[in-house]
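Engineer: Generate coordinates for the sequence data below:
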Amino acid sequence: MNIRDLMLFQTIVREKGLTKASKMLYMTPQGLSRVIKNLENELNCQLLVRTSSGIELTESGTCLSEYADRITADYEQLRNELLHIRQRSRGVVDLLSAYGILRLVTPECITAFRKLYPEIEFHYREYPDRQVERLFQEREGNVAFSIADFDESLYDITELETFSIKLLVNERHPLSECSSVTIDALRGEPLYIESHEFKIHHLIKNKCREAGFEPNIIFETSGFSLCHKMVKDNKGISVTVDFVFDDMKEKGMKLIPFSDGIYEWKMCMLTRKGDKPCEAVQLFRQHIIEWIKSIENGDITR
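Structural biologist: Model prediction:
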């Protein structure tokens, strides 16, 4: 028996059948049957009973399933701990970034860091901001870019830049005549917005609820671009930030600021509270801070 066998067994249990599990795993049902037979021979018990609707666990199978969950969870935790040891000893920057932030920091910033420190191993992955934080809390990566607000007991936080969130409307929409709006302007309007995996979604939804109504969300998406397209076609309204609006360069649309509170998209760099960042992460943080300052001073253009 090995970890792989236990993970295959877990998939069979989760999918409630060999055929479904084989499709998930890109294996043949016969191959999975051999894995089960080998486990049963090694443990000297029957694990599964095949039925017309799939499989059922025997009492022994249920017992193995419970142990397999604990063993594979411990194994993943061990792998993460060993990865962190390697990161600290070898000099690794393993960055998790919320969508949009690398666009602001600029790819040239990352390229410059790699040229400055070729000996540092560098990795990055991009996700929606709430997913970044979930993965970071699960000890994926050793530095993260995400969008405020945060639980300050979990992170050491470096604020990088802040942008106002504004209402996006077509110039033919009646709201385009307004110089500013309150959240009540969204009442009843067809709204295109980023999904619940993005903090901007929850900020707008909570503002609407505080004003006593539910937003009329027509569609949720994983990025700003579809929202801009739907507004361009005058099929609804959306919310966005200046730098995305400027990048899209779409004619016939207008940004309108909110006048009834703070609507911010604040990007920050995170390390875990209590973890001493390795030298590679400290160098990366300093590089990012200096790069952002150079952008603000006009020495570097996006």
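Engineer: Angles on the backbone of residue 257, please.
Structural biologist: Per-residue torsions, residue 257: phi -70, psi 150 (degrees, to the nearest 10).
Engineer: In this structure it contacts residue 178, no?
Structural biologist: No: between residue 257 and residue 178 there is no contact under C-beta atoms under 8 Å: 9.6 Å. C-beta here means a position set from N, CA and C on the backbone, and glycine is covered the same way.
Engineer: just the helices in the stretch 151-300 of the chain please.
Structural biologist: 199-210, 224-232, 242-248, 279-296 (DSSP state H, counting those that start in this stretch).
Engineer: Show me the one of those that comes nearest residue 128.
Structural biologist: helix 199-210 (8.9 Å; C-beta to C-beta).
Engineer: what sits up against the closest one?
Structural biologist: 129-130, 147-149, 165, 183, 186-187, 191, 193-196, 214-215, 220, 239, 261, 263, 265 (C-beta atoms under 8 Å, 6 or more residues apart in numbering).
Engineer: Could you pull up the mean pLDDT of the longest helix along the chain?
Structural biologist: Ranked by number of residues, the top helix in the chain under DSSP state H is helix 59-90. For helix 59-90, mean pLDDT rounds to 80.
Engineer: same question, stretch 112-126
Structural biologist: Stretch 112-126 comes out at a mean pLDDT of 92.
Engineer: chain center to that stretch, what's the gap?
Structural biologist: In terms of C-alpha atoms, centre = their mean, to the nearest Å, the centre of stretch 112-126 is set 21 Å apart from its chain centre.
Engineer: end to end, how far does it reach?
Structural biologist: End-to-end distance of stretch 112-126 (C-alpha to C-alpha, to the nearest Å): 19 Å.
Engineer: Would you mark the buried spots in it?
Structural biologist: By 16 or more other C-beta atoms under 10 Å, the buried positions in stretch 112-126 come out as 113, 117, 120, 122, 126.
Engineer: Just give the nearest non-adjacent residue to the second one, would you?
Structural biologist: Looking back up the chat, that one is residue 117. residue 283 (6.2 Å; C-beta to C-beta, 6 or more residues apart in numbering).
Engineer: Who is residue 271 paired with across the strands?
Structural biologist: With DSSP bridges as the criterion, residue 271 is bridged to residue 156.
Engineer: Same question for residue 258.
Structural biologist: Bridge pairing for residue 258 - DSSP bridges - gives residue 181.
Engineer: Could you measure from it over to residue 64?
Structural biologist: 56 Å (C-beta to C-beta, to the nearest Å).
Engineer: what about the two, which has more around it?
Structural biologist: residue 64 (23 against 20; other C-beta atoms under 10 Å).
Engineer: Near the residue nearest to residue 117, how many other residues are there?
Structural biologist: Neighbours of residue 283 (other C-beta under 10 Å): 17.
Engineer: is it true that it touches residue 120?
Structural biologist: Yes: look at residue 283 against residue 120 with C-beta under 8 Å: they come within range, at 7.2 Å.
Engineer: quick one: the residue located most distally from the centre of the chain and residue 196, what's the gap?
Structural biologist: Ranked by distance from the centre of the chain (C-alpha atoms, centre = their mean), the top residue is residue 44, with 43.4 Å. Distance, residue 44 to residue 196, using C-beta to C-beta: 48 Å.
Engineer: Ok, residue 62 next?
Structural biologist: Residue 62 is 34 Å from residue 196, by C-beta to C-beta.
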